[in-house]
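Visitor: Return atomic coordinates for the entry below.
(one chain, ligands or ions: 1)
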Amino acid sequence: MSHCRRSATRFLSLIALLAVAMFVIAACGGEEDNSYVEAQSDDTAPVTAIKGELSEAGLAGEKLFIANCSACHGNTASGTSLGPPLVHQIYEPGHHSNASFVIAVARGVRSHHWDFGNMPAVEGLTIDEIHQVICYVRELQLANDIIDEVPTSTPC
Ligand code: HEC
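Guide: Numbers count the residues shown, from 1 in each chain. Got it, this is the predicted structure:
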């Protein structure tokens, strides 16, 4: 009888151990935290982007961005009700190269990713200034873990 009770206890503690182990695995083996990106792609709500260190070109680009782009894209390119966040996975260099930024500014953009409508061409920026703006956006993407390094096609 006592032998029987002992093995029952052993069996029960084994079950308890298994339950704990499964709980720990479920809690630790969770998915990557991409809530930042999800929050942005959800809707048009502006999400604050962190501003990291800016190069000289990035600092010049920040001023130009605020004067020419932030009315729609937000001061830190995190989006407004008029335009999408550029600090966003879909605007990383593999999807939208620096050249596509130049084209967007020069020719405007026909709405295709979002429901904000078209982006008009932005006049009055020299090519050097556009590259400074790109530096600002890429350095924001860097600070917010969208990219690991600023693409060398735009020297910042
Ligand atoms: C009047 C509002 C407005 C202004 C000002 C504006 N944008 Fe945009 N921009 C948009 C909208 C809206 C889209 C999204 C279009 C779509 O649905 O894909 C967009 C998309 C873009 C894209 C993505 C291009 C692509 O190929 O999909 C880039 C890059 C961009 N903007 C950069 C800029 C820069 C840089 C400036 C300032 C020099 C600027 N925008 C100013 C509204 C604006």
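
Visitor: count of residues packed around V87?
Guide: 31 (other C-beta atoms under 10 Å). Yep, even glycine has a C-beta here, placed from its N, CA and C like the rest.

Visitor: Spatially nearest residue to it, not counting backbone neighbours?
Guide: Spatial nearest neighbour of V87, chain neighbours left out: A49 (4.3 Å); criterion: C-beta to C-beta, 6 or more residues apart in numbering.

Visitor: Low-confidence ranges, this protein, go.
Guide: Scanning the chain for pLDDT under 70 picks out 1-47.

Visitor: Could you tell me which residues of it lie near the ligand?
Guide: 68-69, 71-73, 82-84, 86, 96, 100-101, 104-105, 109, 111-114, 116-117, 119-120, 122, 133 (C-beta under 6 Å from any ligand atom).

Visitor: what about burial for the residues you listed, which qualify?
Guide: Among the residues of the chain next to the ligand, the ones that count as buried by 16 or more other C-beta atoms under 10 Å are 68-69, 72-73, 83-84, 86, 96, 101, 104-105, 109, 114, 116, 119, 122, 133.

Visitor: Which members of those are positioned in helices?
Guide: Counting by DSSP state H, these place N68, C72, H73, F101, A104, V105, V133 in helices.

Visitor: okay, among those, which ones form the most distant pair?
Guide: Using C-beta to C-beta, the pair of these lying farthest apart is C72 and F101, separated by 14.3 Å.

Visitor: Leaving out chain neighbours, which residue sits closest to I146?
Guide: E92 (5.4 Å).

Visitor: Oh, that last question was meant for V150, not what I typed.
Guide: Of all residues not flanking V150 in the chain, R138 sits nearest, at 4.5 Å (C-beta to C-beta, 6+ apart).

Visitor: pretty sure the one you found is touching S153, no?
Guide: No: at 9.9 Å, R138 and S153 do not qualify as touching, with contact defined as C-beta atoms under 8 Å.

Visitor: what do these two both touch?
Guide: In terms of C-beta atoms under 8 Å, 6 or more residues apart in numbering, R138 and S153 are both contacted by the residues P93, N98.

Visitor: Show me which of the two is the more surrounded one.
Guide: A count of neighbours by other C-beta under 10 Å puts R138 above the other of R138 and S153, at 29 against 12.
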